[in-house]
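# Here you go, sequence then predicted model.
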Protein chains: 4
Amino acid sequence: MPTFSLGPNQYGKAETRIVRVTRGPGGDGLTDLNVSVALRGDLAASHLTGDNGAVLPTDTQKNTVYAFAREHGIDDIESFATRLARHFVESQPSIHGARVTVEQYPWQPVDGRHTFRRDGGEIRTARVHFDASGTQVVSGVRDLVLLKTTGSEFHGYVKDAWTTLPETRDRILATSVNAAWRHTGASFGDARAALIAAFADTHSLALQQTLFAMGSAVLAACPEAVEVKLSLPNRHHFLVDLTPFGLDNPDEVYFAADRPYGLIEGTVRRDDDVAEEVVWSF
Amino acid sequence: MPTFSLGPNQYGKAETRIVRVTRGPGGDGLTDLNVSVALRGDLAASHLTGDNGAVLPTDTQKNTVYAFAREHGIDDIESFATRLARHFVESQPSIHGARVTVEQYPWQPVDGRHTFRRDGGEIRTARVHFDASGTQVVSGVRDLVLLKTTGSEFHGYVKDAWTTLPETRDRILATSVNAAWRHTGASFGDARAALIAAFADTHSLALQQTLFAMGSAVLAACPEAVEVKLSLPNRHHFLVDLTPFGLDNPDEVYFAADRPYGLIEGTVRRDDDVAEEVVWSF
Amino acid sequence: MPTFSLGPNQYGKAETRIVRVTRGPGGDGLTDLNVSVALRGDLAASHLTGDNGAVLPTDTQKNTVYAFAREHGIDDIESFATRLARHFVESQPSIHGARVTVEQYPWQPVDGRHTFRRDGGEIRTARVHFDASGTQVVSGVRDLVLLKTTGSEFHGYVKDAWTTLPETRDRILATSVNAAWRHTGASFGDARAALIAAFADTHSLALQQTLFAMGSAVLAACPEAVEVKLSLPNRHHFLVDLTPFGLDNPDEVYFAADRPYGLIEGTVRRDDDVAEEVVWSF
Amino acid sequence: MPTFSLGPNQYGKAETRIVRVTRGPGGDGLTDLNVSVALRGDLAASHLTGDNGAVLPTDTQKNTVYAFAREHGIDDIESFATRLARHFVESQPSIHGARVTVEQYPWQPVDGRHTFRRDGGEIRTARVHFDASGTQVVSGVRDLVLLKTTGSEFHGYVKDAWTTLPETRDRILATSVNAAWRHTGASFGDARAALIAAFADTHSLALQQTLFAMGSAVLAACPEAVEVKLSLPNRHHFLVDLTPFGLDNPDEVYFAADRPYGLIEGTVRRDDDVAEEVVWSF
C-alpha cells in the first residue's frame, strides 16, 4: 500500500461526567458537568507505527479531570476548562494544543440545604483552546427554547416555480437557541439575558433578522465579547385548517412540526476584520 | 392456516402535537401538548377480515383533537382528555372504551406578553380511561430529576456470595421521578409539591423507603387521590477514588453513572382493598 | 401523616450491559446483551421503615449477571434469563418472584475470525417471570422496520363530522414491529420469519388485519407459542402533491412523517380461554 | 445599540424526509433519504433589516427536493445533491454557494417484489458544496459499529502522576465509524469495504494507528479519493473482575461502558499539500 499523509488530528477523553458537591454549614453546593478533552501535538508516530511514546492516554485525562476538581475546585466552567487545557500542554512536551469542552447542567436548590431539582433543558457550555499562541475562550448556551406568539412576519421573499408558501404578517416564531460567544471575560448571565431579551423585543421580519439582533445584543451587553455564533432551527408551528369542521382558527390552534425545519446559522462580530479563529473549528 | 383468537386490542392516533395560544389584552397564554388516543370496541372484523365498518380512523381522531381545542378550549389536561375520551365512546356505537394520554410541556413567560421560554425536563401527564363503567383519571409527572447530597444511607441488606457492595451511612441519592396518581380531582401542584418535599425531608435508608414516603405524601396532601404509582431509577453517583493521586475525597467529587442503574417501582394506596384498575394496564 | 398501604412493587438492577466472547480456534463468538432484573417478595419493611434485611442489593444482582455469564455461559437469552430468575428466587427466602428482561444486539461476523459488525436496528428480546407457580417465557423482537410499497388499502371506515381522510386503494404500509410471544420453546428464527412473511404476503385492508395475520403466523409456525402481542406504529408515508409544479406523482415521491402516527396494538391467542398472565404486566 | 458586522452565515431547510419508490414489473425499488440544504450569498439585508428580497424560502427548498426527485429521479445521493446545489446557485442570483447534505437509510429487499426491511444502524452520507469555484463532493458513512475481540494492544504511552491505566497486550477494540472522504467519483462500496477490511486486518497498537490504516485503505482502494476524515469513538469494553466470586475471567466477560469514551479524530490525505477545503467547514 502506498504511504499517505496525516492531516489535522486530535484525540482525547469525551464526556467525563463529574458532579462536585461543596459542603458547607449553610447548605451544600452542586456542580454537574460533562467534560470533553481533545489534545493535539506530536502524534504522527502513534498514527503511523502505533508508537505511543507521545500519547497521554485518555484514561489519564479523565483521572486529571477528577483530581483537578478536588485539588483546585470548580469556580466556573471557563476557569476549570482553562486550567485543564493549560495543564495538558504545559506538562506534556508532546502536546502542543488542548481544547476542553464543558457542558454544565443547571440545578435549582429545593430546600436551601441538601436537595436540588434538575432545571432541565437548557445547557451552559464553554470551550477553551490553549496553545503557544495563547488562550481562546468560547462560552455558550444550547437547547434554550424560545417562542413568540406574535411579532413575527415573513414576506417579500423570492418566488420561483417551486414556491407555494404564502406570505404572512403574523406567525409563531420558535427556536431552540444554540449560541456561543468568543470573549475575554464576558458574564454568562448578561449574555444569556441579552439573547432572550433580543428574541422577545425584536419585531421579526425574518429569523435571520432575529439572529443578528440576538448576536448584536450579546456584543452590546458584553464588552468582552468579540463575536457570537448562532444556530437557530426554525421550529415551525402551522396553523391548523379547521374549516372542514365549520370552525375558524384565529391564530389559536397550531400543529408543532418535527421535520423538516429551517436552520439559520450566522455570526455577528464586533469588527469587520476578525479572522476565523481556531477555537471554532474541528 | 388454523384460525386463532383475537385478544385484548386497541388502536388510535399517537403523539398529536398541539400548541394552543389564547390571545388577550394582558398577554397571551400558551398550552403545549402531546395527545395520544387509544380506542377499544367492536374491532374484531377489522382484524379478521379487514372490514373497517367499525373503525374511526386515527386521522379523524387527530382532527378531533384539533377541533376540540378550538371549540372547547383546554382548561387542564385532565378535562381535555376526559372530553375527548367521552366523545369517542358516546359518538361511536362501535367504540366502547377510550383512553386519552396527554403530555404537557411547561413554558415560562418571559415578558408577560408574547414570549415564552420552554421550562425543560419535567413533563406533566394525564391519562383518562372512559367506558360504560365510568371515568378513571390518572395524573402524573415524569423526568422530574431530584438529588440529595446527603441524608441517604444503605446498609443492613442481604449478603451472599456475589456481594461486593460496601455499606454506606452517607451517599448521594438521585432519581428521575416518574409518578402517577389515580384521583378524582387532586391538585397537580399539591401532588408535585408533596413529591418533592417528601424526597427532600425523608432521611432515606433505602430508595424504597423514599418511594413509599413520596407516595404517602401525595395521598396525605390530596384527599382526592386514591393510589400512587412511582418508578424511580436510582441514578448512581460514585465517589471517585483519588488516593492514587495522593488526594482524599471527603464526599466531594463523584462520577455520575449512566448504566446500569437501580430501578425501584411501587404503589402506595389509601386503602388495602383497592383492585388493580383498568386505567393502569395495557 | 396517616399510614397508607403498600401495593404492587418490584426492584432490581436495570440495563446491565454485558458482552461475552467465546474464544475458539475457528474464530470467536460474540454475545451482546442488556440485562434488567426485577425482584418481588417480602419488601414491605424496606418501604415502611428502611429495614433492608430482605433486600438483595441491585449491585449484587449485577455481579450475579456477570458471574453467571462466566460460570454457566449464555446459550440463548431465554435460558440465561431463566437461570438468573430461578437463582434469585431459590437462593433468597425473601424473594418470591423474579423477572429478567434481556435485549440482545445482533452482530454479523466480518472475517470469520475476530471482527464483527453491529447489525443495527432490530433487537431480540426475552422476558422470563419465575415464581412459585412456575416459569413463564416471552420472546420477542422490536425495532424491526418493514415497508410495503403496495398491497395496502384503507377504506370503508366510519365517517363523521371530523373526517377528512380520503379512502385509498393503494398506499405505502410501513411499521416498526414490536412483537412478543409467550411460549414453551418456540424457535426465535421461525417466529421472526413468520412475522416478516405475514407482513409481506398479507394484502392489507387495515393495519389491524396485518397485525392479526402476523400474530397468527407466529402461532402457526411455532406450536410452542401460546399468544402473541404486537404493537405496530403506522409510519405514515404521504404522497407529495406536486401539481403546483406541473408534475404528476404516480405513487412515487413520498414524505415520511414523524408524528403523529397511528398505533395499533393487539393480541392473538391460540385459544379463547387464555387468562392474562403475570409475565405481561407491570 | 452600536452596529456590528455580519460574519459567515448560511440558511436552509434541514431534514426533509423523502422516500422515492420506483415501480417496475420485476419489483419495486426504494430510496429513503434525509436531505438538508444550506445556502449562502447576498443575505446581509435579511439579517440587518429583515428585507427578504434575496431569500429563497426554506419551504421552497423543500418543494424543490420533492419536485426534483420526481422530475430527475435519484441515481445516487451524490448526483442528487449536486443537482440540487447547482440549481439553487444557478437559478438564484442572490445565492452564491449551496451545500446539500444527504443521509441515506439502507433497506433490504424481503421478497424481491414490494416488501423491504430497514437495515438499521449504518447510514450512508453525502455532502456537496457548489459555488463559483466548482463542485466539491464528500461521501461517507456513520454509525458503522465494528468490534474486534482481539488483535488490539495499548502500551508504551506517557505516564504521569495521574496515570492508573495498566498497559495491555490484548483488549477488545470497538468503535462506531464516522468517516467521510472527499473525492471525484469514488465507489461507495469500495470505500466502505476498505474501511471494514482495514479495521479487521490491522493489528492495532493504538486506535490512532487503526484510524490511519482505515483512511489509507480508502485512498488506496479509491484513486478518486483525495482525503479521508475519521471520527472514531473508542467504545470501551472493560474486563469484569470476577475474582471476588472465585472465578477467573480469561478475556471472556466484559462490561460495555457508555461514558466517558475516547474520541480519536484524524485526517488522511493523498498528498501533503492539501489545503483545508470549504466543504468540510461550517
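Sure thing, it's come through.
# So what are the sheet partners of the strand of greatest length in chain A and their directions?
Counting residues, the longest strand in chain A under DSSP state E turns out to be strand A:134-148. Using DSSP bridges, strand A:134-148 pairs in its sheet with strand A:123-131 (antiparallel), strand A:173-183 (antiparallel), strand B:115-118 (antiparallel).
# List the buried residues for the longest one?
When burial is assessed from 16 or more other Cβ atoms under 10 Å in any protein chain shown, strand A:173-183 yields the following buried residues: A:Leu173, A:Ala174, A:Thr175, A:Ser176, A:Val177, A:Asn178, A:Ala179, A:Ala180, A:Trp181, A:Arg182, A:His183. In this view, the C-beta of every residue, glycine as well, is placed from N, C-alpha and C.
# likewise stretch A:68-76?
Result for stretch A:68-76 [16+ other Cβ under 10 Å]: buried residues A:Phe68, A:Ala69, A:Arg70, A:Ile74.
# you'd agree the third one is in a helix?
Yes: according to DSSP: H, G, I helix; E, B strand; the rest coil, the state of A:Arg70 is that of a helix.
# Next, the residues that contact stretch A:255-264 from outside, please.
A:207-208, A:211, A:230-238, A:240, B:17-19, B:32, B:66, C:258-259, D:9, D:11-17, D:36, D:38, D:58, D:62 (Cβ atoms under 8 Å, 6 or more residues apart in numbering or on different chains).
# Buried members of those residues into PyMOL, please.
Here is the PyMOL command that selects the buried residues among the contacts of stretch A:255-264 (16+ other Cβ under 10 Å):
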select buried, (chain A and resi 207+208+211+230+231+232+233+234+235+236+237+240) or (chain B and resi 17+18+19+32+66) or (chain C and resi 259) or (chain D and resi 9+11+12+13+14+15+16+17+36+38+58+62)
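# Take the contacts of stretch A:255-264 and keep only those in helices.
A:Leu207, A:Gln208, A:Leu211, B:Tyr66, D:Thr58, D:Lys62 (DSSP state H).
# Where does pLDDT dip in chain A?
Residues of chain A meeting the criterion pLDDT under 70: A:1, A:273, A:282.
# So what does the residue of it most remote from its centre look like in phi/psi?
Here chain A reaches farthest from its C-alpha mean at A:Gly246, the gap being 45.7 Å by Cα atoms, centre = their mean. The phi/psi pair for A:Gly246 (degrees, to the nearest 10) reads phi 70, psi 20.
# quick one: the helices in the stretch 151-282 of chain A?
A:188-201, A:207-221 (DSSP state H, counting those that start in this stretch).
# Deepest-packed of the ones you listed, please.
Burial of the helices of the stretch 151-282 of chain A is given as mean neighbour count (mean count of other Cβ atoms under 10 Å in any protein chain shown); helix A:207-221 ranks first at a mean of 26.
# How far off centre is that helix?
16 Å (Cα atoms, centre = their mean, to the nearest Å).
# go on, stretch A:9-29?
Taking Cα atoms, centre = their mean, one finds the center of stretch A:9-29 at 18 Å from the center of the full chain.
# on that earlier part again, format the strands paired with strand A:134-148 as CSV; extra columns: distance to D:Pro25.
Formatted as CSV, the strands paired with strand A:134-148 follow (distance: least, Cβ to Cβ, whole Å):
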stretch, distance to D:Pro25
strand A:123-131, 54
strand A:173-183, 47
strand B:115-118, 52
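# D:Arg113: which of those is closest?
Of all these, strand A:173-183 sits nearest to D:Arg113, with 42.6 Å by Cβ to Cβ.
# and the angle from that closest one to helix A:188-201?
For strand A:173-183 against helix A:188-201, the angle by axes from the mean of the first three to the mean of the last three Cα atoms, to 10 degrees is 150 degrees.
# tell me how far strand A:173-183 is from the chain's mean position?
On Cα atoms, centre = their mean, the centre of strand A:173-183 falls 7 Å from that of its chain.
# burial count for A:Thr163?
As a burial measure, A:Thr163 scores 17 neighbours (other Cβ atoms under 10 Å in any protein chain shown).
# Tell me who's in contact with it.
D:Pro57, D:Asp59, D:Thr60, D:Asn63.
# Name the helix or strand for the third one, please.
To tie it back to what came earlier, the one meant is D:Thr60. Take DSSP states H and E as the rule and D:Thr60 turns out to sit in helix D:58-72.
# is any part of that helix close to chain C?
Yes: using Cβ under 8 Å from any Cβ of the partner chain, helix D:58-72 reaches chain C at D:Asn63, D:Tyr66, D:Ala67, D:Ala69, D:Arg70, D:Glu71.
# Also stretch A:243-251?
Yes: Stretch A:243-251 lies within reach of chain C by Cβ under 8 Å from any Cβ, at A:Pro244, A:Phe245, A:Gly246.
# Please report how far the residue lying closest to the second one once chain neighbours are set aside lies from B:Thr135.
Which is A:Phe245. Excluding its sequence neighbours, the residue lying closest to A:Phe245 (Cβ to Cβ, 6 or more residues apart in numbering or on different chains) is B:Ala67, at 4.5 Å. The gap separating B:Ala67 from B:Thr135 is 21 Å, by Cβ to Cβ, to the nearest Å.
# neighbour count winner among those two?
Legend: neighbour count by other Cβ under 10 Å for B:Ala67 and B:Thr135, higher for B:Ala67 (20 against 15).
# Just list the residues touching the more buried one, thanks.
Counted by Cβ under 8 Å, 6+ apart, B:Ala67 has contacts A:Leu242, A:Phe245, A:Leu247, C:Trp162.
# from the residues you listed, which is closest to chain D?
Nearest to chain D, judged by Cβ to the nearest Cβ, of the contacts of B:Ala67 is A:Leu242 at 21.5 Å.
# Looking at strand pairing, list the partners for the residue nearest to A:Arg192 when sequence neighbours are not counted.
Excluding its sequence neighbours, the residue lying closest to A:Arg192 (Cβ to Cβ, 6+ apart) is A:Val141, at 5.7 Å. Counting by DSSP bridges, A:Val141 forms beta bridges with A:Arg124, A:Ala179.
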